[in-house]
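Undergrad: 3D, please:
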Amino acid sequence: MAPALLLIPAALASFILAFGTGVEFVRFTSLRPLLGGAPEPGGPDARQGWLAAVQDRSILVPLAWDLGLLLLFVGQHSLMATEIVKAWMSRYFGVLQRSLYVACTALALQVYYHVLGLGEPLALKSPRALRLFSHLRHPVCVELLMVLWVVPTLGTDRLLLALLLTLYLGLAHGLDQQDLRYLRAQLQRKLHLLSRPQEGEAE
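TA: Now for the predicted structure:
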């Protein structure tokens, strides 16, 4: 009973994160940034704003591109997740089936970056950020460590695996003072942005 109760906070945190992500997605996909403000809901200004948006070519063309890119991503995910396609890929590619799925997903994202003219994603990062990435393990490795160590019992083989992978992850994690100064500067920048009053907020 006690272990089951420990899952409640984790489940609640997961729900809050998912709900918050959904709220942020709705805010991001709204027309508020395009219309330059948020009129009163249901008011005449709101209706006129929507009418102007759906008639403005400078808004409709980017929305059409976004829709096409979204359908490309959703279509690739949905098609390759069907049982027929998975069975066919497993027959011809065996254990590489999942790797091929991930590769196709990466290709769909590369098309997205190409259409937007963004180029290589890492090329958008600053040299200091790239330096940090070269010294830092991916955050998902924390999840891997939990999977390795947070278990009721550890057999000899599981213990050996956990020790070796923990050592492997630890040796590649080599932040220095320059990296820490960069992280501190980024934290201060984000705190400064969060402390600024929002647009339209009463002062």
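Undergrad: where does this structure have low pLDDT?
TA: 1-8, 10-11, 14-15, 18, 20-50, 198-203 (pLDDT under 70).
Undergrad: Which stretches in it count as helices?
TA: Ranges of helices in the chain, per DSSP state H, are 2-29, 32-35, 44-55, 57-80, 83-93, 97-115, 127-134, 140-149, 156-171, 177-195.
Undergrad: now for the ones you listed, which one comes closest to residue 121?
TA: Among these, the nearest to residue 121 by CB to CB is helix 97-115 (6.3 Å). The C-beta positions use only the backbone N, C-alpha and C, and glycine is treated the same way.
Undergrad: What are the buried residues along stretch 60-80?
TA: The neighbour-count check on stretch 60-80 (16 or more other CB atoms under 10 Å) flags 69, 72, 76, 80 as buried.
Undergrad: hmm, back to that, got the helices of the chain as CSV, with distance to residue 121 columns?
TA: Formatted as CSV, the helices of the chain follow (distance: least, CB to CB, whole Å):
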stretch, distance to residue 121
helix 2-29, 19
helix 32-35, 22
helix 44-55, 30
helix 57-80, 15
helix 83-93, 26
helix 97-115, 6
helix 127-134, 11
helix 140-149, 17
helix 156-171, 23
helix 177-195, 18
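Undergrad: Touching, residue 182 and residue 132? I think so.
TA: Yes - look at residue 182 against residue 132 with CB atoms under 8 Å: they come within range, at 5.8 Å.
Undergrad: more crowded one of those two?
TA: residue 132 (19 against 16; other CB atoms under 10 Å).
Undergrad: Now the more buried one. Nearest residue, chain neighbours left out?
TA: residue 179 (5.0 Å; CB to CB, 6 or more residues apart in numbering).
Undergrad: gap between the one you found and residue 185?
TA: 11 Å (CB to CB, to the nearest Å).
Undergrad: again, but for residue 100
TA: 41 Å.
Undergrad: hang on, the earlier thing: looking at it, the residue nearest to residue 132 is touching residue 133, isn't it?
TA: No - counting by CB under 8 Å, residue 179 does not reach residue 133; the two are 9.8 Å apart.
Undergrad: out of the two, which sits in the busier spot?
TA: The residue with more neighbours, out of residue 179 and residue 133, is residue 179; 18 against 13, by other CB under 10 Å.
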